[in-house]
Structure formats: structure tokens, C-alpha cells
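Peer 1: following is a predicted model, sequence given first.
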Amino acid sequence: MRNRKSVRKQIQKRTALAGWLYLIVLLMAAVFFSCARGNKPTNVYVFAASSMNEVIGKVVDTTAYANVLINASSSGTLARQIEAGAPCDVYLSANRMWVDYLMDRSVVDSSNVEVLAQNSLVLVARSESFAKAGSIGWRQFLIKSESVAIGDPNHVPAGMYALQALQYYKIDSIVNDKIIESKDVVSALKLVEMGEADCGFVYKTDALSSKRVRIVAEMDGESHSPINYYKVCLSDNGNQFMADVNVKRRLEKVLIENGFN
Amino acid sequence: MLFGNEIQAIVLSLKAASLSMLVQTPFALWLGYFMARKNFKGKMLFESLLNLPQVLPPVVTGFLLLLLLGREGLVGSWLYNQFGIRMAFSFMAVVIASSLVSFPIYVGFVKSAIEMVDEGLEYAARSLGKRDLTVFLTITMPLALPGILNGFVLAFARNLGEFGATITFAGNITGVSRTIPLAIYSSMQTPGAENSTFRLVLVSVVLSMVVMVFSGFLRKRMTV
């Protein structure tokens, strides 16, 4: 049975430990929490969806644009945030549906909406299978594949475009059984990269960024709805930023480098 | 080995988690004690509301925060119109979102730990003339410390790992709200950025292990 002395000792020991713990936490906070908040020039908020995030990230990668803050999410999440009053100067959307969503709710005026860039749809395969694909032509390669990865056509634009292209080239009925649906276009790319699917339909820009797949064929622009990325300016700051000559020049350069049209 | 934007995410996560736990601790201790020792009308309803962020999908919690504290939200609009304060899409938003989801866990463990402390000891101290606060600090808390520490560690871990509420309420803005989980998500969405993903995941694992080992060590030291 424990006597009074050892219980008191235990309590003292623990109180001391608690004190040390709190000190450590305070130290953590002091070291990491910067207290100095200087006067920052007005921030420009850019809400960028999917691949536009990388593009605009490269454009503002210098200290000259330190006041440009990029919020990266899916077109849908960004649109809902804007609707809820989020501070957004420029909205770069990968999906027309969400631009219309904002216009329907009078958050955005159609005069502030412009097409910024376009993408192409490509059929990709792992580098190892590329030679085989080249020799028999892409249509045969597709028909001979066991599995084809595309984004879920129900909500992924890339998946919808892929289905449209298959219908246009009249091979949709043959390929339908082989389709593996993924939650977004990047996942479809990963399925091909990891060998889970023999080939897949992704955007040209995604294919060019990947080191493990190669483009087998580029789908004709006529075979699907235009893959447009929209620029929506929601404030004067936003207008100013996008109209800036340097920004425009860098933007064009990065867009072309990454494979946009 | 680590790139600038990765270090930024790590520092941001640690800053936010430290501040969040610091702010939470006094409230968690007080509320835990209150829930453990006192009974009041509507206690069950209160407890349910307290645990709501734990049960809701994090993205839903984030949207509710946006609806409440966003610039056009119920409370947020008043804050903005009166004081020009903007809570959403800021560092504070990260702290708020992660605090909201980790607080129920923290309070839960504190409450359990205090419930295990013999109330007789507290009565004895009070009968000897000690103030309530003294009793709490010198008797209750030291005895409940292993459990409180457990709660701290798990709440801290939940805090670091918070994703849905953060990305919805605080956005995914580099340097402002892109914590480690958001940075991992962003690099996973970028074709060719696998190495960045691996590095951040490794850092997450190391951080978690450090916290767990340290807490285990402290707990061992506390059992006499």
C-alpha cells in the first residue's frame, strides 16, 4: 500500500513534468509563430483549378509577384468558395459548368469571362508498350488493349471528352468493356503509369509532364467538345494583374511550354 | 533534400498545430473537468454538439465554417462590416478549422482522465481549506496527466492530419494555408511530382513517430 510520502512525491514529479511540457509547447509556439507582420502590398488572390495551378505557379515564381496568393482546388470547390464570399481576384477554371454556375448566381458577369487556353486529348501508353503501339497504329492498339483508363464520365470532364472521341471514331462499342473509370484525369494517368491499365485517355499537358508514359496519338480537335480553360476576373486588382504585360508574356510562355494550345 | 515549398508546408503545419494546441489546452482542461465533475440539464445535448465536428465529414465542417465565418456568413459578415476582419482563407482559418476537429478528441480524453481521479482526494484537499483552482492544479491535474497527455498527442496528430475542413475554409494557398496534407494532395494532383509526395509523406511519418515516442517516454517517467 502506498504511503502519503510516495503519493506526494508522485504528484510533485508529475506537476514538474507538466510544467516542462507546457514550457516546451510555449517554446514551439514562440519559435515558429512569427510575430512580425510588416505592411504587405495588397494581395492578389488567384483561384486556380487543376493544371492551371501549376501554370500560374510558374508565372508568379519570382519575388516580384510575392503578393500573389494562389488557392488551388478543383473548379467546383473554388466556385463554391467564391460564392460564399471568398477573396478572389482571378478565377482560372477548367470547367465551363462552374463558370456558368457563378454567372447564374450573378457573381460573375459574362464580360469578365475569357478563354485562356486550350488542351488536347491524347491516348497514352507506358513507354515500354510504345513501340508495339507505333507498329500497329493507335486504333488497333486500343482494340487489342485489355484495359483503358479514363476519368469517370459522370463528373470528370476528361472522361466525357474521351467517350466523345471514342464515339466520333466509331470504336466506342468495342472499347466499352475495357474501360476503367478513375476519380479524375490524374488518377487515370497514374493507372497507366503503374501498369494497371494498358492505355488511357488524358490531357496532352498531363502526358508531357509524365516520365513514364508516352503519347500514342492525339485525338482530333473535332472529336470532342473544346477543352477550354477560362479566365474570370472578379475585381479591378484581378483585371490589372491579368492585363499586366509581363504576366501575359510569362503566361503565354508557360502555357506553350507545358503543351497547351 | 527538401524543397522550399515543402519546408514552407512543414513549418506552416507545425506553426498552426502549436498555436492550436496552445489555445485549446486551457479550454480543454476546464471543459474536461466541468464535464467530468458536474451534471447539468442538457448535458447530453451539449456533449453531442461538442462531438459534432468529429462525426461530420471534414469537408462539411469546413463548409459550415465558411457559411458561419465567411465574408458573407452569419457571423463573418458582421465581423467584416464592423471591423474589416476576414477570417476565411487565412492562417487563422487553418488554426480554427484544425482546432475545431481536434478539440472534441482532446476534451474527451481529458474528461476520461479526470473521471478516473478519486474525488475523495479532491474533497480532502478542499476540506483542508484549499481553493478549487489549487485543488485542480495540485491534485486533479497531476493525477490525470497521463490521460491528458494521451489526449494531447492524439489531438495534435488529428490537428496535423486535418485536410477537408482546412482546404474548404482556409483554401490551399501556399505559405498561408497549404499544410502538409494539402501539400501532399497538391503534389499528387501534379503529374511527375511523385518524389515531392514521398518526401512529405516521410516527414509526416517521422513527425508522428517523434510525437508518439516522446509521449510514451513521458508517460513512462510519470508512473512511479
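Peer 2: Perfect, thanks for sending it. Numbers count the residues shown, from 1 in each chain, chains lettered A, B, ... in the order given.

Peer 1: need the next SSE after the particular helix or strand that has B:Tyr185 in it, C-terminal direction.
Peer 2: For B:Tyr185, the element it lies in under DSSP states H and E is helix B:180-188. Where DSSP H and E defines the elements, the next helix or strand beyond helix B:180-188 is helix B:194-222.

Peer 1: for A:Tyr168, give me its contacts.
Peer 2: For A:Tyr168, the contacting residues are A:220, A:222-224, by CB atoms under 8 Å, 6 or more residues apart in numbering or on different chains. Using the backbone N, CA and C atoms, a C-beta is placed for each residue, glycine as well.

Peer 1: quick one: it from chain B, how far?
Peer 2: For A:Tyr168, the distance to chain B under the criterion CB to the nearest CB, to the nearest Å works out to 25 Å.

Peer 1: where does chain B dip in pLDDT?
Peer 2: In the predicted model, chain B carries pLDDT under 70 at residues B:1, B:222-224.

Peer 1: can you check which helix is longest in it?
Peer 2: helix B:4-37 (DSSP state H).

Peer 1: so A:His155, which of the three states?
Peer 2: Under the three-state scheme (DSSP: H, G, I helix; E, B strand; the rest coil), A:His155 adopts coil.

Peer 1: can you count the residues close to it?
Peer 2: Neighbouring residues of A:His155 were enumerated by other CB atoms under 10 Å in any protein chain shown; the total is 14.

Peer 1: which residue is nearest the middle of chain A?
Peer 2: What sits nearest the mean C-alpha location of chain A, by CA atoms, centre = their mean, is A:Ser50, with 2.0 Å.

Peer 1: ok, back up a step: quick one: buried residues of the longest helix of chain B?
Peer 2: B:5-6, B:8-10, B:12-22, B:24-25, B:28-29, B:31-33, B:35-36 (16 or more other CB atoms under 10 Å in any protein chain shown).

Peer 1: ranges for the strands of the stretch 51-200 of chain A?
Peer 2: In chain order, the stretch 51-200 of chain A shows strands spanning A:68-73, A:90-93, A:113-119, A:121-126, A:148-151, A:179-182, A:199-203, with DSSP state E, counting those that start in this stretch as the criterion.

Peer 1: next, see if the fifth one gets close to chain B.
Peer 2: To tie it back to what came earlier, the one meant is strand A:148-151. No. Contact between strand A:148-151 and chain B is absent, the nearest approach being 12.8 Å (criterion: CB under 8 Å from any CB of the partner chain).

Peer 1: show the average pLDDT along that strand.
Peer 2: Looking at strand A:148-151 alone, the average pLDDT works out to 92.

Peer 1: strand partners (parallel or antiparallel) of it?
Peer 2: Under the criterion DSSP bridges, strand A:148-151 sits next to strand A:179-182 (parallel), strand A:199-203 (parallel) in its sheet.

Peer 1: these: which one's closest to A:Cys88?
Peer 2: Shortest separation from A:Cys88 across the strands paired with strand A:148-151 is recorded for strand A:199-203, at 24.2 Å, computed as CB to CB.

Peer 1: rounded mean pLDDT for the closest one, please.
Peer 2: Over the span of strand A:199-203, the pLDDT mean works out to 93.

Peer 1: tabulate the CA atom coordinates of it in CSV.
Peer 2: Included here for strand A:199-203 are C-alpha records, laid out as CSV according to Å, rounded to 0.1, in the frame of the first residue of the first chain:
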residue,chain,number,x,y,z
CYS,A,199,-3.5,2.7,-72.0
GLY,A,200,-5.6,5.7,-71.2
PHE,A,201,-7.1,9.0,-72.3
VAL,A,202,-5.6,12.0,-70.6
TYR,A,203,-4.8,15.6,-71.5
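
Peer 1: okay, the residue of the stretch 51-200 of chain A found nearest chain B: pLDDT?
Peer 2: For the stretch 51-200 of chain A, the nearest residue to chain B under the criterion CB to the nearest CB is A:Gly85, separated by 3.5 Å. pLDDT, A:Gly85: 85.

Peer 1: can I assume it is in contact with B:Gly70?
Peer 2: Yes. Using CB atoms under 8 Å, A:Gly85 makes contact with B:Gly70 at a distance of 4.9 Å.

Peer 1: give the next helix or strand downstream of the longest helix of chain B.
Peer 2: If you walk from helix B:4-37 toward the C-terminus, the next helix or strand you reach (DSSP H and E) is helix B:43-55.

Peer 1: spatially nearest residue to the residue nearest to the centre of chain A (excluding sequence neighbours)?
Peer 2: A:Ala94 (4.7 Å; CB to CB, 6 or more residues apart in numbering or on different chains).

Peer 1: where does the one you found fall, phi/psi-wise?
Peer 2: When quoted as degrees, to the nearest 10, the phi and psi of A:Ala94 stand at phi -100, psi 10.
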